[in-house]
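Visitor: quick one: sequence plus predicted model below, questions after.
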Amino acid sequence: MATTYKIKIAARLRPPIPGELVDDGVQVERRDDGTSCVSVPNPRDLTQIFKFPITSCYDPAATQREIFENEVRPIIDIVYNGVTVTVFAYGVTSSGKTHTMQGSKAEPGIIPRAVEALFHKQSGLRRYRSELSVSYMEIYKDEVYDLLVNRENAPKLPVRENDRGQVFVANLTAIPMDSVADFEKIYSQASKNRSVASTNLNRASSRSHAILTVTVTLTDPAENKTLSGKLNLVDLAGSENNKMTGNDPSRMAESAAINKSLSTLGQVVHALNKGHSRIPYRNSKLTRLLQDALGGSSVGLLICNLAPGTKFRQDTLNTLNFAVHTKNIENKPVVNEKDNRPVPKPHFAALPAPPPKLAAAMLPISSSSSHGGRPSLVSAPASRPSSSSSNVSSRVPRPSVGGFGTASRLSQLMHPPAPSAPKTVTLTDKEIDERIARAVEAEVARRLAEHANERAREEATRREEEVAVRLAEELAKREAKRKGKAPEQHQESLPLNTLTPLMHRHEDANGDELKKRLEELEQKFEHSSREVQMVDVLSPVSRKRTGRAYVSLARSHSEKGNLQLALELYRKAETYVPDNIKLKERIIEVERAIESGRPFEPSPKRSKKGKVHKTKTSSHSSQTSITSNGSARPSLKGESTHTSLHDAYATVDDPSTSSRQEAAVSSGSSSIPLAPPSPPQPAGSNSPALPPSPARATRPIPAAAISIQYSRYQKTTAGSTATSASEVEGKENVRLDTLPDAEAEGLLHVGSPPKRQIDEMQGDVLETPPRHKKVAKVAPDDDEEGAESGAWEQWQLFEPGKRR
Ligand SMILES: Nc1ncnc2c1ncn2[C@@H]1O[C@H](COP(=O)(O)OP(=O)(O)OP(=O)(O)O)[C@@H](O)[C@H]1O
């Protein structure tokens with residue numbers, strides 16, 4: 001936290017000047033406790049006395065020396081610590097401001113005494129090389145003029161602000177001084193350039209605000225650092241009452257400008273006292289240039305000059321009110337230090353080096369680089385941008401001013417101050433904020449970089465996973481393709497997403513490594529317990545189809561008499577449908593046949609209690625089909641009417657003959673082919689019964705087989721296995737996409753019933769999206785046929801837009 005420094009207030013009551021009415025309207029009171037105050041009668045009630053307690057009050061007897069020694073000299077040392085000090089005199093016209101600041105030869109004021117003190121201080125310096133320079137300007141009618149140049153040649157100087165917020169007067173002359181004598185010559189001539197006019201109240205009334213700046217530049221050769229302190233000595237123009245001053249029109253304009261600037265000064269003080277966020281510094285050149293002294297980074301001293309007498313009573317009250325408000329203003333003085341050593345540009349995130357020793361040893365108050373705090377009152381040569389620390393080198397020579405012995409040393413500053421690379425001694429709030437901001441920036445940059453790397457890693461991982469997914473999908477497609485073409489050559493690939501967890505464990509692998517790894521795993525997968533693993537990854541439907549394919553293959557080999565191979569194929573089929581009891585019986589039968597060396601004759605199927613339904617048989621030669629709802633219907637002409645028991649089983653066992661699609665009833669010698677049991681029709685449905693497939697109704701099937709078929713059909717339609725009757729019935733005509741996934745798993749989309757029927761007869765199960773809706777897929781039952789057919793499919797004609 002930077003140390004704050006309140007503006008010091010002093011009040012000086014001048015003695016009556018010749019011809020002035022003497023009264024006791026304004027009094028300075030000194031108390032025994034050392035405090036003092038200024039008492040002023042209330043102009044509206046003279047019995048009422050206003051008392052303004054001010055620490056430093058000087059009565060008319062106070063001397064110039066006394067005021068300087070008490071108020072100014074103590075802060076001269078601060079200037080040598082690289083701090084800006086501003087002393088300004090404020091008061092009504094003819095109150096003695098100029099007398100206090102400038103004085104006379106007999107009674108030199110603060111300015112000459114201060115400069116003399118500065119030189120005196122300089123002479124005592126041993127360690128540092130020091131330089132003093134002076135600049136002098138006036139603000140006349142709100143324009144800035146250089147008082148160190150010929151008045152006729154003096155242009156209006158612009159007030160500017162550099163990138164560090166420092167206000168300066170461009171092109172203001174700064175003249176180096178080697179001695180008090182140099183200053184006296186410069187100052188005496190410059191004072192002649194100041195606008196002065198005679199008024200009723202003051203023979204030599206200042207018509208402008210004058211600001212004299214002495215810049216002290218200290219260079220430490222050992223450290224190669226520069227301190228730049230300034231002493232701003234401001235003689236303000238006095239507020240004027242035009243009635244009292246008797247100003248003519250030209251003076252009136254001056255007076256208006258003076259009063260306006262002083263009014264702005266009062267507004268600035270008021271805003272500072274109220275803590276306003278916006279201080280109207282820019283409303284006048286005066287306040288803009290005093291910005292550093294009012295709430296800025298300089299040490300301030302305000303000397304309130306008071307004129308005695310009743311006629312100045314109101315002005316005195318105004319001045320004292322201004323003083324009371326100003327004394328509450330807090331400045332935050334900073335040390336203006338410049339490190340001249342060439343240093344590598346630090347990383348923006350790096351914090352500045354520790355405070356240098358130079359000013360820290362000299363100044364107890366807080367300090368700052370030239371970056372911090374308010375800018376100096378006027379442009380300071382020492383703070384000018386330069387590769388050199390010398391003020392002289394930064395100046396541009398100006399034409400000599402007539403009458404000055406130091407004319408050859410006149411120069412003009414042509415360039416505004418620019419950033420240097422100062423080092424701080426201690427930290428101001430602003431510097432702390434800046435450092436925090438830099439640290440935050442660095443941290444944000446670090447985190448952004450970290451996040452970017454993380455995103456890159458995530459993106460790489462995501463791409464690898466996509467590759468893995470695509471590979472897995474491709475493998476799954478190939479697997480499905482192989483299955484569809486040649487079940488006996490079934491080569492299982494890794495199913496989709498099987499390797500995804502592996503990919504997470506190999507996030508660092510690149511695409512090629514990933515692919516290679518996948519292929520290795522695929523090979524490994526294919527060559528070790530392939531079927532067992534496939535069972536784990538295939539869906540129930542796929543398992544049944546695969547099992548059915550093996551059964552079909554086994555069947556063909558058993559018919560050829562190759563029982564050993566048939567047995568192996570049946571066992572493979574069992575892998576996929578391990579719960580199929582019929583298949584287990586078939587395996588036992590084949591094993592026994594192999595062991596006995598007898599030809600294989602499959603045992604007839606058993607009817608299951610409660611599942612065998614009496615099939616309707618025709619006692620005559622007419623052919624009857626069992627419809628999906630169990631009713632008989634006439635069979636189609638041309639269907640086969642004879643088959644053996646073995647053939648009947650063959651029809652049942654062999655998926656190629658699609659036992660789902662037909663069953664034949666044979667009774668005695670007569671064999672009545674049956675149409676395949678049609679899927680059950682929903683109650684009230686007008687859907688036609690499925691026509692039998694002529695191609696499939698070529699094999700006669702014994703009655704026992706019919707019973708089995710029909711019982712399976714009944715079981716399917718009754719939902720006696722995995723899907724309950726109520727579930728199946730309750731889901732009729734329910735849109736698939738409205739069902740939960742688990743339930744949807746048991747439903748298949750099918751084509752329109754007739755085409756579906758025909759396609760199934762041809763052994764081609766449709767997987768295409770339906771125009772009509774769903775079929776309840778029933779889980780495999782204990783029948784061997786469940787492995788073949790994947791169970792009966794129950795279809796329902798779904799009319800779009802018609803929902804239950
Ligand atoms: N302390 C003092 N002792 C003796 N004479 C003084 C003192 N103060 C002021 N005076 C005299 O009073 C007159 C007016 O003083 P001065 O010019 O300094 O007033 P000012 O405030 O600067 O007026 P303005 O604002 O018009 O310039 C001068 O003649 C000055 O010599």
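Guide: In hand now; what should we look at?

Visitor: where in the protein is pLDDT low?
Guide: 1-2, 197-204, 240-251, 343-426, 483-537, 602-804 (pLDDT under 70).

Visitor: any idea which helix is longest in this protein?
Guide: Longest helix of the chain, by residue count under DSSP state H: helix 429-485.

Visitor: list the helices and strands that helix packs on?
Guide: Packing partners of helix 429-485 (3 or more Cβ pairs under 8 Å, 6 or more residues apart in numbering; DSSP states H and E): helix 500-505, helix 511-527, helix 540-559. Every C-beta, even on glycine, is put in place using the N, C-alpha and C of the backbone.

Visitor: just the C-alphas of whichever helix or strand comes after the last one, formatted as PDB.
Guide: This means helix 540-559. Using DSSP states H and E, the next helix or strand after helix 540-559 towards the C-terminus is helix 563-576. Extracted in PDB, the C-alpha atoms of helix 563-576 (Å, rounded to 0.1, in the frame of the first residue of the first chain):
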ATOM      1  CA  LEU A 563     -21.600 -88.500 -39.100                       C
ATOM      2  CA  GLN A 564     -18.300 -87.400 -37.500                       C
ATOM      3  CA  LEU A 565     -18.300 -84.100 -39.300                       C
ATOM      4  CA  ALA A 566     -22.000 -83.700 -38.700                       C
ATOM      5  CA  LEU A 567     -21.400 -84.300 -35.000                       C
ATOM      6  CA  GLU A 568     -18.800 -81.500 -34.900                       C
ATOM      7  CA  LEU A 569     -21.200 -79.200 -36.700                       C
ATOM      8  CA  TYR A 570     -24.000 -80.000 -34.300                       C
ATOM      9  CA  ARG A 571     -21.600 -79.300 -31.400                       C
ATOM     10  CA  LYS A 572     -20.700 -76.000 -32.900                       C
ATOM     11  CA  ALA A 573     -24.400 -75.300 -33.300                       C
ATOM     12  CA  GLU A 574     -24.800 -76.100 -29.600                       C
ATOM     13  CA  THR A 575     -22.300 -73.400 -28.800                       C
ATOM     14  CA  TYR A 576     -24.700 -70.800 -30.100                       C
END
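
Visitor: now helix 563-576 against helix 540-559, angle please.
Guide: 170 degrees (axes from the mean of the first three to the mean of the last three Cα atoms, to 10 degrees).

Visitor: any idea how far the closest residue to residue 67 other than its chain neighbours is from residue 282?
Guide: Nearest residue to residue 67 in three dimensions, chain neighbours excluded: residue 58, at 5.9 Å (Cβ to Cβ, 6 or more residues apart in numbering). Per Cβ to Cβ, to the nearest Å, residue 58 is found 34 Å from residue 282.

Visitor: what do you get for residue 216?
Guide: Residue 216 is 29 Å from residue 282, by Cβ to Cβ.

Visitor: so for these two, which sits in the more crowded spot?
Guide: residue 216 (27 against 15; other Cβ atoms under 10 Å).

Visitor: check which element follows whichever strand or helix holds that one along the chain.
Guide: Assigned by DSSP H and E, residue 216 falls within strand 209-220. Next helix or strand after strand 209-220 toward the C-terminus (DSSP H and E): strand 225-235.

Visitor: which helices and strands does that next one pack with?
Guide: helix 73-79, strand 84-91, helix 97-101, helix 110-123, strand 209-220, strand 337-339, helix 357-360.

Visitor: kindly recompute the last result at 6 Å.
Guide: strand 84-91, helix 97-101, strand 209-220, strand 337-339 (3 or more Cβ pairs under 6 Å, 6 or more residues apart in numbering; DSSP states H and E).

Visitor: right, and those - which one's nearest the ligand?
Guide: With Cβ to the nearest ligand atom as the measure, helix 97-101 is the member of the helices and strands packed on strand 225-235 nearest the ligand (3.4 Å).

Visitor: residues making contact with the closest one?
Guide: Here helix 97-101 makes contact (Cβ atoms under 6 Å, 6 or more residues apart in numbering) with 89, 91, 109-111, 206, 235, 303, 305.

Visitor: now with 8 Å, please.
Guide: 12, 14, 64, 67, 87, 89-91, 107, 109-111, 204, 206, 233-236, 238, 303, 305 (Cβ atoms under 8 Å, 6 or more residues apart in numbering).

Visitor: I'd say residue 235 and residue 207 touch.
Guide: No. If you go by Cβ atoms under 8 Å, residue 235 and residue 207 don't touch, sitting 11.7 Å apart.

Visitor: compare those two (neighbour count), which wins?
Guide: residue 235 (28 against 25).
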